[in-house]
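**Student:** Quick one: sequence plus predicted model below, questions after.
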Amino acid sequence: MGGLTRGYVLQRFLMFLLTIWLGSTLIFFIPRLAPGDPISAMINRISLDQGYVENAEQIIATWKTRFGLDDPLWVQYIRYWRNIFNFDFGYSLARFPTQAWEIVRPALPWSVGLLSVATILSFLVGVTIGALMGWRQTPRWLQIILPTSLTFASIPYFMFGIVMIYVVAFQLGWLPSTGAYSRWVNPGWNWAFITDMVSHAILPVLSIVLTSMGGWALGMRGLMISVNNEDYFLLAQVKGLSPVRIFFRYGVRNAILPAVTALAMGLGGLISGSILVEFIFAYPGTGYTLYESIVTQDYTVTQAIANLIIFITAASVLLLDLLYPLIDPRITYRQNVR
């Protein structure tokens, strides 16, 4: 595998397992060390909605026993890992008797679809703009126009999303403001549903792309400027290679590696980064589900989503480490033999 060694692959895989273990362990202990518990919180919500709850203390004790919350922490910890290995996150504490994974699974495709498209688009657009801004042979008119595209970078995407809803959805009426699809459309693989779903996703995607591409552009600009002074870049110009080939093969290819690293981390954090976007646009994804589970102290749903985030992030970093030699041939993990 290019410059990879068997020892390096094993080392990275062990680091992958260590990351998952450490992250999942923190996810187990942090909610349980916080004040309160989900059963008491649920009873309090019922009493606020419906008034006094008779035998509340007895009900709380019974349900704690039912969910094993009165067991010692080490017993709960062992059961927690046994359930993870069986891919069983248990019942939702706030929506019993619904399984935690049955709550997360329907929301997962919405978040992955929306945020993966938004992240990749912002990466591609931002990296292209940054590379052109840092390239010395970029036409003068582009050097003047491109920096204006970074105006929205200083605006938080959730604030920009609110402005987009008010202007585009309410004032102009061009696009729907909230939701993933219209209530009168039947979900399925049909043209009416697909077009309606895309129209609902445009505003959230634009709010993320327009406000986040500036960060990619500024980072890529600095990397491209440093590449301009490298010997291999100057040699390519002296040899008379075409500007397009110099730009992509000698410039972008060598400058993009740190940006690809950040992209892998960004893709790993897709689910956790969707909370504000999904809250503003009422999008039925895992971000808003995670928010609800934290507010209601629903341990099992929180753990299911958090473990999913940990696994995706760790897997993205592992895959990137293994692909480094393919992205940049200068990188090798083989030891020099003298």
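**Tutor:** Great, that's in hand.

**Student:** remind me, longest helix of the protein?
**Tutor:** For the chain, the longest helix by residue count, based on DSSP state H, is helix 191-228.

**Student:** can you give me the offset of that one from its chain's centre?
**Tutor:** 14 Å (CA atoms, centre = their mean, to the nearest Å).

**Student:** Check which helices and strands it sits against.
**Tutor:** helix 100-134, helix 157-164, helix 253-255, helix 257-268, helix 275-280 (3 or more CB pairs under 8 Å, 6 or more residues apart in numbering; DSSP states H and E). The way it works is simple: take the backbone N, C-alpha and C, and place the C-beta from them, glycine included.

**Student:** Now do the next helix or strand along the chain from that helix: everything it contacts.
**Tutor:** Next along the chain after helix 191-228, taking DSSP states H and E as the criterion, comes helix 231-238. The contact list for helix 231-238, computed with CB atoms under 8 Å, 6 or more residues apart in numbering, reads 227, 245-246, 249-251, 254.

**Student:** Export those residues to JSON lines and append columns for secondary structure and distance to Gly7.
**Tutor:** Output for the contacts of helix 231-238, formatted as JSON lines (DSSP: H, G, I helix; E, B strand; the rest coil; distance: CB to CB, whole Å):
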{"residue": "Val227", "secondary structure": "helix", "distance to Gly7": "32"}
{"residue": "Arg245", "secondary structure": "helix", "distance to Gly7": "37"}
{"residue": "Ile246", "secondary structure": "helix", "distance to Gly7": "37"}
{"residue": "Arg249", "secondary structure": "helix", "distance to Gly7": "32"}
{"residue": "Tyr250", "secondary structure": "helix", "distance to Gly7": "32"}
{"residue": "Gly251", "secondary structure": "helix", "distance to Gly7": "34"}
{"residue": "Asn254", "secondary structure": "helix", "distance to Gly7": "27"}
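
**Student:** Check the residues you listed against Gly179 and report the nearest one.
**Tutor:** Gly251 (42.5 Å; CB to CB).

**Student:** which non-adjacent residue is nearest the closest one?
**Tutor:** Leaving aside its chain neighbours, Gly251 sits nearest to Val227 (5.4 Å; criterion: CB to CB, 6 or more residues apart in numbering).

**Student:** residues contacting the one you found?
**Tutor:** Going by CB under 8 Å, 6+ apart, the list of residues near Val227 reads 134, 233, 250-251, 254-255.

**Student:** Please repeat the previous calculation with a cut-off of 7 Å.
**Tutor:** 233, 251, 254-255 (CB atoms under 7 Å, 6 or more residues apart in numbering).
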